[in-house]
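Enquirer: Fold the following.
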Amino acid sequence: MNIFCGAGQELEMTNGGTAVFVEVLMLAVSDLVQEPWDYRFAGLLTQQDQSVMGRGIVGFELEEIDWGRDDAQQAQNKDFVLRVIDLALQRHRWDELPYDPPFAERYVQQFKSMVEAFSPATATPDPGFPGFPEPDEAAMASCARHRVLTALPHWHSCILCSR
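Expert: Predicted coordinates for the structure are as follows:
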């Protein structure tokens, strides 16, 4: 099972559910990124590609994310994640997927509830755990075919190409 955690909540999904969840978030995050932290968060989402990382072993905890140095940065970064989620909930670019994602809205809504309840001030990122991408690991490249951010040159394709 793939597990995403935060604020005492868990979102467990099957491999297929996780793939859809990450794909709809990638469609949204790719169109909203502006700040360096945004690209790092996009990089975290690219790390959830099960065709690269392995099936049934992806997920992350909100508490492991480096949300920023101070309250203002933390609030700005949390707001960015919520804007990504809200855009995904509007079915942004879902018509580009080769399938109908019937459960994606429920998964994204659960994730939104988790993020809304989460306080970034409680995060305790572990410097020894390579969970949240460093600035040089941010998703800065874009797949020309799908127009989504990718972990190139680290990986050879975007999350939609590797589907």
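
Enquirer: which residues of this structure fall in helices?
Expert: 15-32, 36-46, 50-53, 71-89, 104-117 (DSSP state H).

Enquirer: what's the closest of those to residue 136?
Expert: Closest approach to residue 136 among the helices of the chain (CB to CB): helix 36-46, 9.8 Å. C-beta here means a position set from N, CA and C on the backbone, and glycine is covered the same way.

Enquirer: Low-confidence stretches in the protein?
Expert: Under the criterion of pLDDT under 70, the regions of the chain flagged as low confidence span 49-58, 126-130, 138-149, 151-163.

Enquirer: and the gap between the residue positioned nearest the centre of it and residue 133?
Expert: Here the mean C-alpha position of the chain is nearest to the C-alpha of residue 45 (CA atoms, centre = their mean), at a distance of 3.3 Å. Using CB to CB, to the nearest Å, we find residue 45 at a distance of 10 Å from residue 133.

Enquirer: Same check on residue 4?
Expert: For residue 4, the distance to residue 133 - CB to CB - is 16 Å.

Enquirer: for residue 114, same thing?
Expert: The span separating residue 114 from residue 133 equals 20 Å under the rule CB to CB.

Enquirer: So for those two, which residue has more residues nearby?
Expert: Between residue 114 and residue 133, counted using other CB atoms under 10 Å, the more crowded position is residue 133 (22 against 19).

Enquirer: My guess is the more buried one contacts residue 40. True?
Expert: Yes: using CB atoms under 8 Å, residue 133 and residue 40 qualify as a contacting pair, with a distance of 4.9 Å.
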